[in-house]
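> based on what follows, work out the 3D shape:
(2 chains)
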There are 2 protein chains.
Amino acid sequence: MSSVVPVRRATVVGAGTIGLAWTTLFLAHGLHVTVNTRRADAEQAVREGVELFAATLPEGPADPEQLLRWLTIEPDVAKAVAEADVVQENVREELAYKQELFALIERSAPAHTLLLSSSSSLGADDIGATLGDPSTLLVGHPFNPAHLVPLVEVIPGARTAPETVARAEDFYRSLGKTPVVLRAPVTGTVANRLQSALLREAVHLVLEEIVTVDELDAAVTGSLGLRWATVGPFEAFHLGGGPGGLRRMLAAVGPKIAKEWEHLGKPQLDDAAVELLVRQAEKAFGTDSYPRRAAERDARQIAVLGALRDLAARHREEGAP
Amino acid sequence: MSSVVPVRRATVVGAGTIGLAWTTLFLAHGLHVTVNTRRADAEQAVREGVELFAATLPEGPADPEQLLRWLTIEPDVAKAVAEADVVQENVREELAYKQELFALIERSAPAHTLLLSSSSSLGADDIGATLGDPSTLLVGHPFNPAHLVPLVEVIPGARTAPETVARAEDFYRSLGKTPVVLRAPVTGTVANRLQSALLREAVHLVLEEIVTVDELDAAVTGSLGLRWATVGPFEAFHLGGGPGGLRRMLAAVGPKIAKEWEHLGKPQLDDAAVELLVRQAEKAFGTDSYPRRAAERDARQIAVLGALRDLAARHREEGAP
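Numbers count the residues shown, from 1 in each chain, chains lettered A, B, ... in the order given. Coordinates of the predicted model:
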């Protein structure tokens, strides 16, 4: 089931934020990376992106000069993918554009090349509709910031080969990622849908003036965030039920939860709502020094990942707990 | 606005899981604690609870023998609260029972005593309806495990004095907690409502066979959990918008999110659904060695809290970023 062709050469198509985050992560894992972009400022944009993301790689900062040695910029798609073992595509979410792009890639890339799209809204069946052989194509959707956050949702199409799924999982795992394969296509992605669901109630609670945006954020980081960084929602409930597990938990609180579902808010994201949310956010979090604030977020995420990694390593050593 | 009477003596009413978690945390912060319970096995239950929770205090383990020196068990409510600066109540969620209890407490406790209820479903107005002076009463709702997770939702009633709110905030902060004061009462609590909202979509995705419970959990711990342990949902979006902040973010993805809200699942938590969820959870997470699995969760949460605390301390020292 595992990759027969080791991945040595990766081509990143599109040099926006997500493309450059992938680029940096690929480089940090020893791959030769070709960035395919027709940006006029390609040289500078790619350099700046790699410098930015190299500082906040999950396993520690890397020297961008070292990384950039193994990077090539190639504005011509056909040339860019000619020797690629993996292509990770990150162009705008426009179906016809992606179809045309992948048709071109199929003509120019080796037969074994894994074709991965970062798309958050288009499926492999649509993106690959015009391909002669879409069996090596799937969606590998990262979560921002893409170089740092572990999750990659792997979403095969009906014509994606099982071996392609296994190879994509292997590839993402080799980058330190956590691939989760979806068993059926879904509108949006799992993480985005869950985020939307929580955000809906969060917006409701702010519009109802129960809490402000920063108070709501403090409530989340001080409870659910901490919980879900360490165990997911189901395991948390399975543990919440004590030795009786999820069965006991749902017997105890299931009806209450089902009732809560009926009472969840249904806010409108109209102009007035947006204005209120934005004003509170700007007041609470500030509008200047964005790079500093983003770096602080990244530093915190790296600290959390590092702490959990160290703990797991310690427990492995001890053969415990 | 801050507490005029320093808190030295706390009385915990009810010796279930939440009561004993509060007890241990109070003891670890140097308070004299009286536990009011009529449990026949009070002595043993309290000792075991303190031993259990002392090992997973957020600022490091404490010696339970040391803690237990400052603990008294008193089955009589009137005696138990006679010298209390703070009462934290944790009895069963039954309004008449809580009303009777607080009427008794009011007659026996000093006038300055902060009256705090851990209730997750009953409000201060209802609980204090029969009191002559409910101005010192409010709900201080913890999040499980209560000795470890920072959030305490502080929910005043219409007759709670503003000074009581300020004193409760001070008190919870002195324990290392993150108090969040609700500006208006709401059915349930903020954290529980947000959890319910996400859980609803989580259940939907599992029932639709997009992912299994453990795959969903892996997706959450590998993305949203990590994100929300470090910045809340609004700050995450404010940063997601780059220098343009939440305004730019909502302009870009607001309509997409509003559309996603329409398509969120509306699962039924019927017997078949419960059976499917339970079976997957038992298979993925196991049904034996509950204490080990709970200890592992706690160890992970402590590791995350410690990492974020260390990072904040380092940044304070450096005056950056």
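
> where do the helices of the stretch 101-250 of chain A begin and end?
Per DSSP state H, counting those that start in this stretch, the stretch 101-250 of chain A carries helices over the ranges A:124-127, A:162-174, A:190-207, A:213-220, A:226-230, A:233-240, A:245-262.

> and of those, who's closest to B:A62?
Ranking the helices of the stretch 101-250 of chain A by their distance to B:A62 (criterion: Cβ to Cβ) puts helix A:226-230 first, at 20.4 Å. C-beta here means a position set from N, CA and C on the backbone, and glycine is covered the same way.

> ok so, going back, need the helices of the stretch 101-250 of chain A in CSV (columns: mean neighbour count).
Formatted as CSV, those follow (neighbours: other Cβ atoms under 10 Å in any protein chain shown):
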stretch, mean neighbour count
helix A:124-127, 20
helix A:162-174, 18
helix A:190-207, 24
helix A:213-220, 25
helix A:226-230, 28
helix A:233-240, 25
helix A:245-262, 17
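
> could those go into TSV alongside mean pLDDT and distance to A:T37?
Shown next, in TSV, are the helices of the stretch 101-250 of chain A (pLDDT from 0 to 100; distance: least, Cβ to Cβ, whole Å):
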stretch	mean pLDDT	distance to A:T37
helix A:124-127	97	19
helix A:162-174	98	22
helix A:190-207	98	26
helix A:213-220	98	35
helix A:226-230	98	34
helix A:233-240	97	39
helix A:245-262	95	45
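
> for A:V91, give me its contacts.
The contact partners of A:V91, taken as Cβ atoms under 8 Å, 6 or more residues apart in numbering or on different chains, are A:13-14, A:97-98, A:101.

> who wins for neighbours among these?
Within these, most neighbours by other Cβ atoms under 10 Å in any protein chain shown means A:V13, with 27 neighbours.

> partners of that residue in the sheet?
Taking DSSP bridges, one obtains A:N36, A:E89 as the residues bridged to A:V13.

> on that earlier part again, save the contacts of A:V91 as a markdown table, and put in pLDDT too.
Output for these, formatted as a markdown table (pLDDT from 0 to 100):
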| residue | pLDDT |
| --- | --- |
| A:V13 | 98 |
| A:G14 | 97 |
| A:Y97 | 97 |
| A:K98 | 98 |
| A:L101 | 98 |
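
> just to revisit the earlier point, let me have the helices of the stretch 101-250 of chain A in a markdown table, extended by distance to chain B.
Compiled in a markdown table, those are given as follows (distance: least, Cβ to the nearest Cβ, whole Å):
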| stretch | distance to chain B |
| --- | --- |
| helix A:124-127 | 15 |
| helix A:162-174 | 11 |
| helix A:190-207 | 4 |
| helix A:213-220 | 2 |
| helix A:226-230 | 3 |
| helix A:233-240 | 4 |
| helix A:245-262 | 4 |
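
> out of those helices, which gets nearest to B:L226?
For the helices of the stretch 101-250 of chain A, the distance to B:L226 is smallest for helix A:226-230, at 5.2 Å, taking Cβ to Cβ.

> for B:R314, which of the helices of the stretch 101-250 of chain A is the nearest?
With Cβ to Cβ as the criterion, B:R314 lies closest to helix A:226-230 of those, at 19.7 Å.

> other SSEs contacting the closest one?
helix A:290-318, helix B:213-221, helix B:224-230, helix B:290-318 (3 or more Cβ pairs under 8 Å, 6 or more residues apart in numbering or on different chains; DSSP states H and E).

> try it again at 7 Å.
helix B:213-221, helix B:224-230, helix B:290-318 (3 or more Cβ pairs under 7 Å, 6 or more residues apart in numbering or on different chains; DSSP states H and E).
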